[in-house]
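[1] quick one, what's the 3D model for this:
(one chain, ligands or ions: 1)
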Amino acid sequence: MPSQKALIRRPSPRLAEGLVTHLERTPVDVGLAVEQWEAYAQALRTHGWETVEVEPADDCPDSVFVEDPVVVFRNVALIGRPGAESRRDETAGVEEAVARLGCSVNWVWEPGTLDGGDVLKVGDTLYVGLGGRTNAAGVQQLRATFEPLGARVVAVPVSRVLHLKSAVTALPDGTVVGHEPLVDTPSLFPRFLGVPEESGSHVVLLGGGKLLMAASAPKTADLFAGLGHEPVLVDIGEFEKLEGCVTCLSVRLRELYA
Ligand SMILES: NC(=O)NCCC[C@H](N)C(=O)O
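    The predicted model follows:
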């Protein structure tokens with residue numbers, strides 16, 4: 001039986017010092033953030049995911065955004081080299097966690113940079129955002145790692161948001177969804193659906209038609225419900241102040257055999 005495990009990482013006490021790039025900094029309430037993170041983890045568990053905590057990295061303010069240090073395809077994990085230097089110490093704990101779960105591990109090497117938030121999987125296609133935290137050498141290394149396993153890697157420009165998955169994610173049927181003013185080239189995706197809210201661009205596929213989404217995107221949730229999906233809303237407001245989304249707070253591992 002394939003396992004359904006989700007890596008999560010407890011927020012650092014220094015969360016409020018996390019990076020902001022495209023937003024103005026506003027104060028983060030770390031206590032509230034921890035409550036929101038616990039509710040997020042509970043939502044994953046309620047919908048059938050076993051949560052696995054990566055060792056906390058208290059000195060790394062952005063470590064809660066656990067999807068960024070790694071890309072997993074089938075049972076192979078590529079440990080990224082974060083585009084932001086302040087995030088480079090986050091990788092060791094994530095590497096240890098994926099290895100413990102039985103993944104084969106590869107690494108992105110200098111001069112490559114690659115953030116997991118820049119990689120969107122749609123079936124066997126890996127769209128990779130180029131322009132912010134991920135560079136051309138990182139894309140080449142992603143190709144070299146995953147194309148031999150049957151992945152097709154498609155590089156797409158990202159200039160208006162932090163990561164590719166800040167701009168677009170995909171519904172269970174593969175339709176790519178995004179808030180058009182923030183998507184550089186919607187025509188690169190075979191099927192694209194515009195959504196009315198920025199945070200409506202971010203869905204985590206929970207299985208069975210359920211979509212984990214931010215509570216800040218109620219109109220998009222209605223749109224998706226009207227299309228036959230089942231939105232599950234969580235408040236991640238404190239993380240949104242740091243350019244975090246529902247996608248970046250976990251790494252779902254669907255193809256491990258445990
Ligand atoms: N995948 C993501 O969208 N990650 C969000 C990272 C936010 C963090 N403050 C950062 O700038 O790296």
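
[2] is it true that residue 204 touches residue 231?
    No. The criterion here is CB atoms under 8 Å, and residue 204 misses it with residue 231 at 10.7 Å. Quick note: C-beta positions are derived from backbone N, CA and C, even for glycine.

[3] common neighbours of those two, please.
    Common neighbours of residue 204 and residue 231 are listed as 211, 213 (criterion: CB atoms under 8 Å, 6 or more residues apart in numbering).

[4] more neighbours, these two?
    residue 204 (26 against 22; other CB atoms under 10 Å).

[5] OK, contacts around that one?
    Taking CB under 8 Å, 6+ apart as the contact definition, residue 204 lies against 169, 211-213, 246-247, 250, 252.

[6] nearest residue to the residue of the stretch 101-250 of the chain found nearest the ligand other than its sequence neighbours?
    Going by CB to the nearest ligand atom, the ligand is nearest to residue 117 of the stretch 101-250 of the chain, at 2.3 Å. The shortest distance from residue 117 to any non-neighbouring residue, by CB to CB, 6 or more residues apart in numbering, is to residue 163 (3.4 Å).

[7] contacting residues around the one you found?
    By CB under 8 Å, 6+ apart, the contact list for residue 163 reads 68, 115, 117-118, 129, 132-133, 248.

[8] now pLDDT and distance to residue 61 too, for those residues, in CSV please.
    Output for the contacts of residue 163, formatted as CSV (pLDDT from 0 to 100; distance: CB to CB, whole Å):
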residue, pLDDT, distance to residue 61
68, 98, 13
115, 98, 15
117, 98, 16
118, 98, 20
129, 98, 22
132, 86, 18
133, 97, 16
248, 97, 14
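
[9] ok, of those, which come out buried?
    Among the contacts of residue 163, the ones that count as buried by 16 or more other CB atoms under 10 Å are 68, 115, 117-118, 129, 132-133, 248.

[10] shouldn't the residue of the stretch 101-250 of the chain closest to the ligand be in contact with residue 247?
    Yes. In this structure, residue 117 is within contact of residue 247 by CB under 8 Å, at 7.2 Å.

[11] common neighbours of those two, please.
    Common neighbours of residue 117 and residue 247 (CB under 8 Å, 6+ apart) are 67, 165.

[12] before we move on, back to that, quick one: the residue nearest to residue 117 and residue 74, what's the gap?
    To residue 74, residue 163 is 22 Å away according to CB to CB, to the nearest Å.

[13] with residue 150 instead?
    Residue 150 sits 8 Å away from residue 74, taking CB to CB as the criterion.

[14] looking at the two, which has the bigger crowd around it?
    A side-by-side neighbour count of residue 150 and residue 74, using other CB under 10 Å, places residue 74 first with 15 against 9.

[15] surely that one meets residue 149?
    Yes. Assessed by CB under 8 Å, residue 74 is found in contact with residue 149 at 5.6 Å.

[16] returning to that earlier point: for the buried ones among the contacts of residue 163, give me TSV that also has secondary structure and distance to residue 46.
    As requested, the buried ones among the contacts of residue 163 are exported to TSV (DSSP: H, G, I helix; E, B strand; the rest coil; distance: CB to CB, whole Å):
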residue	secondary structure	distance to residue 46
68	coil	25
115	coil	28
117	helix	24
118	helix	29
129	strand	31
132	coil	33
133	coil	31
248	helix	20
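
[17] is it possible to get JSON lines of these that adds distance to residue 36?
    Shown next, in JSON lines, are these (distance: CB to CB, whole Å):
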{"residue": "68", "distance to residue 36": "18"}
{"residue": "115", "distance to residue 36": "22"}
{"residue": "117", "distance to residue 36": "19"}
{"residue": "118", "distance to residue 36": "24"}
{"residue": "129", "distance to residue 36": "26"}
{"residue": "132", "distance to residue 36": "25"}
{"residue": "133", "distance to residue 36": "24"}
{"residue": "248", "distance to residue 36": "13"}
